[in-house]
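Chemist: Using only what follows, build the 3D model:
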Amino acid sequence: MKCLVVVAHPVPESLCHTLARAAADTLRSGGHEVEIEDLCRTSFPPSLTFSERQSYYVHPFDASAIQPQVERLLAAEALVLAFPTWWFGFPAVLKGWFDRVWAPGIAYDHASDLGPITPRLHNLRRTLAITSLGSPWWVDRLVLRRPVRRVLKTAILGACAPACRLEMLSLYEAEDLAARQVDAFCSRVRATLAKWS
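Modeler: Residues are numbered from 1 along each chain as shown. Sure thing, here's the model as predicted:
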């Protein structure tokens with residue numbers, strides 16, 4: 001498959017980058033074609049531009065400033081997202097990537113009456129979200145009911161790529177991990193991606 005690995009962390013030596021490298025290496029070893037989208041390294045601007053917002057409901061959407069990112073998304077059959085969960089949400093740069101790249105005419109089409117949108121990402125078959133959280137598992141799962149997973153599954157993939165299968169691996173209490181815990185989680189990432197075909 002053509003796989004797009006999107007990394008959203010400003011520190012190259014971070015846990016998220018380590019997990020993204022493990023994912024990319026596993027995919028390449030499995031014979032997949034891998035593109036890396038390192039949003040912070042390329043200083044991807046997360047805010048919609050004036051022209052992008054002005055064209056949001058007028059065909060065509062102005063994707064001129066993000067055409068390389070659009071092309072990589074449209075080519076992808078599989079997506080790996082590696083990011084920290086901050087305040088139980090996406091980092092700003094990843095949220096901005098969704099805002100700007102998953103746009104009308106690219107990831108979906110608006111209905112003529114502004115009703116339900118029509119998905120366009122029919123090529124996208126699999127997504128793995130790999131995230132780290134400072135909180136313990138029970139806060140994310142029991143108190144907040146996994147908000148990042150719900151948004152990804154229902155609002156983003158559900159609306160734009162409904163046939164895409166979502167898997168999510170969350171590493172909790174990530175601010176105080178031993179090397180063996182990181183290695184064990186990397187093994188989970190590798191085992192999950194080794195099953196992709």
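
Chemist: only C-alpha atoms for contact and neighbour calcs from this point on.
Modeler: Noted.

Chemist: so where do the strands sit in this protein?
Modeler: Per DSSP state E, the chain carries strands over the ranges 2-7, 33-38, 78-84, 108-109, 118-119, 126-132, 165-171.

Chemist: Show me what the first one is packed against.
Modeler: Other helices and strands packing on strand 2-7, by 3 or more C-alpha pairs under 8 Å, 6 or more residues apart in numbering; DSSP states H and E, are helix 15-29, strand 33-38, helix 67-75, strand 78-84.

Chemist: Okay, now the sheet partners of that strand, with direction.
Modeler: With DSSP bridges as the test, strand 2-7 is paired with strand 33-38 (parallel), strand 78-84 (parallel).

Chemist: so which of the ones you listed is the most packed in?
Modeler: Most buried of the strands paired with strand 2-7 by mean neighbour count (mean count of other C-alpha atoms under 10 Å) is strand 78-84; its value is a mean of 24.

Chemist: what's that one in contact with?
Modeler: 1-9, 16-17, 19-20, 23, 90-91, 94, 124-133 (C-alpha atoms under 8 Å, 6 or more residues apart in numbering).

Chemist: Can you select the buried ones from those in PyMOL?
Modeler: Typed into PyMOL, the next command selects the buried ones out of those (criterion: 16 or more other C-alpha atoms under 10 Å):
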select buried, resi 1+2+3+4+5+6+7+8+9+16+17+19+20+23+90+91+94+124+125+126+127+128+129+130+131+132+133
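
Chemist: Excluding sequence neighbours, find me the nearest residue to Ala20.
Modeler: Nearest residue to Ala20 in three dimensions, chain neighbours excluded: Ala82, at 5.7 Å (C-alpha to C-alpha, 6 or more residues apart in numbering).

Chemist: Give me the pLDDT for that neighbour.
Modeler: Note for Ala82: predicted pLDDT of 98.

Chemist: Kindly provide the distance from it to Ala8.
Modeler: 6 Å (C-alpha to C-alpha, to the nearest Å).

Chemist: and for those two, which residues touch both?
Modeler: Cys16.

Chemist: So what touches stretch 150-164?
Modeler: Against stretch 150-164 from outside (C-alpha under 8 Å, 6+ apart): 107-108, 117-122, 124-127, 166.

Chemist: if we go to 10 Å?
Modeler: 77-79, 89-90, 98, 102-104, 106-109, 116-127, 129, 147, 149, 165-168 (C-alpha atoms under 10 Å, 6 or more residues apart in numbering).

Chemist: if we can go back for a sec, just send the strands paired with strand 2-7 back as JSON lines, with distance to Trp196 too.
Modeler: JSON lines is the format used below for these (distance: least, C-alpha to C-alpha, whole Å):
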{"stretch": "strand 33-38", "distance to Trp196": "12"}
{"stretch": "strand 78-84", "distance to Trp196": "9"}
